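1. no FASTA, just this:
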Ligand SMILES: Nc1ncnc2c1ncn2[C@@H]1O[C@H](COP(=O)(O)OP(=O)(O)OP(=O)(O)O)[C@@H](O)[C@H]1O
Ligand SMILES: Cc1cn([C@H]2C[C@H](O)[C@@H](COP(=O)(O)O)O2)c(=O)[nH]c1=O
């Protein structure tokens, strides 16, 4: 473009110069004749000069207008620069053009890509809406669940028996319940904390105001242990919010708090903790409203995923003392939803306490009505004996085991209610009756079931019911304390005695288990022949009465067996009444339902017992009849005491039994039944009386 312009400029300039030169020549030619003869042309000299001057000026101008070679060079240089610049511009423009092409190409790609993305976004949008719907549905479901819970573990509402169950509900609660949302981060943080090691934990349990925190603090001081509480302080900030929300959220919160406490345990040392899982389960089950005895034992099992305590000290306190202590403490600002409930509903407190007693960890009760020093003294002794003492002695092991199984109260040395004192042991073809009265700091107390044969029995299995050992203790020769050297008898419960059995008994063992008639069973334990170490679980081989073991030598021979016919729950002549009868007669009392059928020759030196045999309306009549036949066959002297009310219509199933006893002319007593009338009746009929 610049080239064209320069050429045009030069061309025009040249043309103009040429035209001017031509004009000057023409003028010259015209002037020549005039100059020769100026008059002809009527032109004055002056005019001619003027014209000449003009011509000269014109020429001069022409000359000036013709570029000099220097000017031309400058113009050339400028032109050259312009050309260079233009070239650079051209190349920039071509680059720009290329860029623009590229950009437009990318633009097309981008457009395609955008279409694709828009499609994807549409489908994502649909997915998100669907997910939103699902979340809304789930949230509604969770809110419904949290507002109105269904059954949880073991059919008990709001019972959470593992961290997973409880943590799910807590997480759900903090995400859907507005009041709990502020605690979400803290609670989730706790759930994410990895578990620590295990210290030995002694737990203090009991109802509100029973003195737990006081004891936990003092005991920890006394033993140089660490005092703790559940929920741990790390969960305090959210406790009140969960308490106010109540329901499953609160129960799950407490369940989770047990694990939070376990996470804070150090590997070593002793910790005394104010409440633990026991409270969680007891306050949950207590709230359920059902009678505690109606729950299966599995409900009270310590969760598998939670470390077990070494001992639970359960503070037993009377309601008026408890109420006084709570009232005295009421100035406290902490809001506790249970304070009022327990005051208004003492039955709730009783259920909670009963539930605590049933925990399947070692639970020992302490009388907490006494002053704080007395409570501390008892607690210190129990912890020293059960937790801190050397575990290596068989006796220590036995004591701990017995306490862990809930068989005895180690504080008093008494066998717990519900624990049998008699077991029939059938070893190597011989039947043994062995009784364990209790286990205390000094050893196990055994009832002399057969005196000198005692040491031959090697395993005592504790089951059944009979809370009379005090009476037995008082009797000389009845109760024996084993020394360490004699110590060959171990106790265990049916399922937990496995390892003990494996150390003391031969490879196969039949056991007769049970106290009351209907519960009696014969089971067999078999040792694994290959390893000789583990035992198969007991196989129930028959009800006792169907397959009788051979009785080699009877250890208990009754002077009289009172056959009591009564309606369940309406008896005056219960075990206590019968023992009074025996005492009045100067005899010993035994409660022995399962007498073997055959050959019970009564050696005179053992014939000083009254044995109670109860028939109840809820027993199976076939079983009763079979047992009675066995007893009749064994020539045990029987007396029937029929305690049914006169107007009782439903005499079945007793009528068949009455007939059976009548056929054998067993003396029978009816009507007014008191200890006195029964004593007279026995005196009248028993050969030794
Ligand atoms: N053995 C005792 N004799 C008399 N007073 C006691 C005894 N133990 C505790 N107390 C008092 O009774 C009140 C309640 O005791 P404490 O707070 O230890 O009970 P708690 O079982 O921990 O109650 P909560 O479970 O409600 O926290 C306190 O004022 C305490 O000082
Ligand atoms: C640990 C625990 C406690 N609770 C309830 C029972 C009590 O009434 C209150 C207050 O107990 P604290 O001894 O004053 O701390 O909490 C519960 O229901 N479940 C539990 O696990």
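-> Alright, I've got the coordinates. Treat the numbers as computed from the prediction; the structure is a model and nothing was measured. Ligands and ions are numbered 1, 2, ... in the order given.
2. Output the below-cut-off pLDDT ranges for the stretch 551-689 of the chain.
-> Applying pLDDT under 70 to the stretch 551-689 of the chain flags residues 551-559, 566-576, 579, 586-628, 630-631, 633-636, 645-656, 686-689.
3. And residue 161, its phi and psi?
-> phi -110, psi 10 (degrees, to the nearest 10).
4. Return the residues in contact with it.
-> Applying CB atoms under 8 Å, 6 or more residues apart in numbering to residue 161 gives the contacts 153-154, 301, 303. For the C-beta atoms, the positions are set from N, CA and C on the backbone; glycine is no exception.
5. And for residue 261?
-> Residue 261 neighbours (CB under 8 Å, 6+ apart): 228, 230-232, 273, 276.
6. of all these, which comes closest to residue 80?
-> residue 232 (91.6 Å; CB to CB).
7. Could I get the pLDDT score of that closest one?
-> On pLDDT, residue 232 comes in at 94.
8. ok, now residue 236?
-> At residue 236, the model reports a pLDDT of 91.
9. Check residue 417 too.
-> 51.
10. that older thread, quick one: which of the contacts of residue 161 is the most crowded by neighbours?
-> residue 303 (20 neighbours; other CB atoms under 10 Å).
11. Report the contact partners of that residue.
-> 161-163, 258, 277.
12. Enumerate every residue touching the nearest residue to residue 154 once chain neighbours are set aside.
-> Using CB to CB, 6 or more residues apart in numbering and skipping residues adjacent in sequence, the residue nearest residue 154 is residue 299, 4.6 Å away. Counting by CB under 8 Å, 6+ apart, residue 299 makes contact with 153-154, 156, 159, 281, 285.
13. so which strand or helix has residue 348?
-> Using DSSP states H and E, residue 348 maps to helix 346-357.
14. what sits up against that helix?
-> Helix 346-357 has contacts (CB under 8 Å, 6+ apart) with 205-207, 278-279, 281-283, 285-287, 289, 291-293, 300, 312, 314, 316, 319, 322, 341-342, 363, 365.
15. Just the buried residues of the residues you listed.
-> Buried subset of the contacts of helix 346-357 (neighbour count, 16 or more other CB atoms under 10 Å): 205-207, 278-279, 281-283, 285-287, 292, 300, 312, 314, 322, 342, 363, 365.
16. In strands, which of these fall?
-> Among the buried ones among the contacts of helix 346-357, DSSP state E puts 205-206, 312, 314, 363, 365 in strands.
17. Minimum pLDDT in those residues, which residue is that?
-> Lowest confidence among those: residue 363, with 85.
18. Please name the bridge partners of that one.
-> Under the criterion DSSP bridges, residue 363 forms beta bridges with residue 312.
19. thought it was touching residue 316?
-> No - using CB atoms under 8 Å, residue 363 is not in contact with residue 316; the gap is 11.0 Å.
20. Can you get me a residue count around the residue nearest to residue 336 when sequence neighbours are not counted?
-> Nearest residue to residue 336, sequence neighbours excluded (CB to CB, 6+ apart): residue 208, at 6.8 Å. The tally of other residues near residue 208 (other CB under 10 Å) stands at 21.
21. For residue 208, give me the pLDDT.
-> pLDDT at residue 208 comes out at 92.
22. mind listing what it touches?
-> Residues in contact with residue 208 (CB under 8 Å, 6+ apart) are 322, 326, 336, 338-339, 342.
23. Reformat those residues as a markdown table; add distance to ligand 2 and pLDDT.
-> Compiled in a markdown table, the contacts of residue 208 are given as follows (distance: CB to the nearest ligand atom, whole Å; pLDDT from 0 to 100):
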| residue | distance to ligand 2 | pLDDT |
| --- | --- | --- |
| 322 | 12 | 92 |
| 326 | 10 | 86 |
| 336 | 5 | 71 |
| 338 | 3 | 77 |
| 339 | 7 | 72 |
| 342 | 7 | 87 |
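24. Tell me which of those fall in helices.
-> 322, 326, 338-339, 342 (DSSP state H).
25. hang on, the earlier thing: taking the ones in strands among the buried ones among the contacts of helix 346-357, tell me the two that lie furthest apart.
-> Largest separation among these by CB to CB: 206 and 363, giving 11.1 Å.
26. Much appreciated, bye for now.
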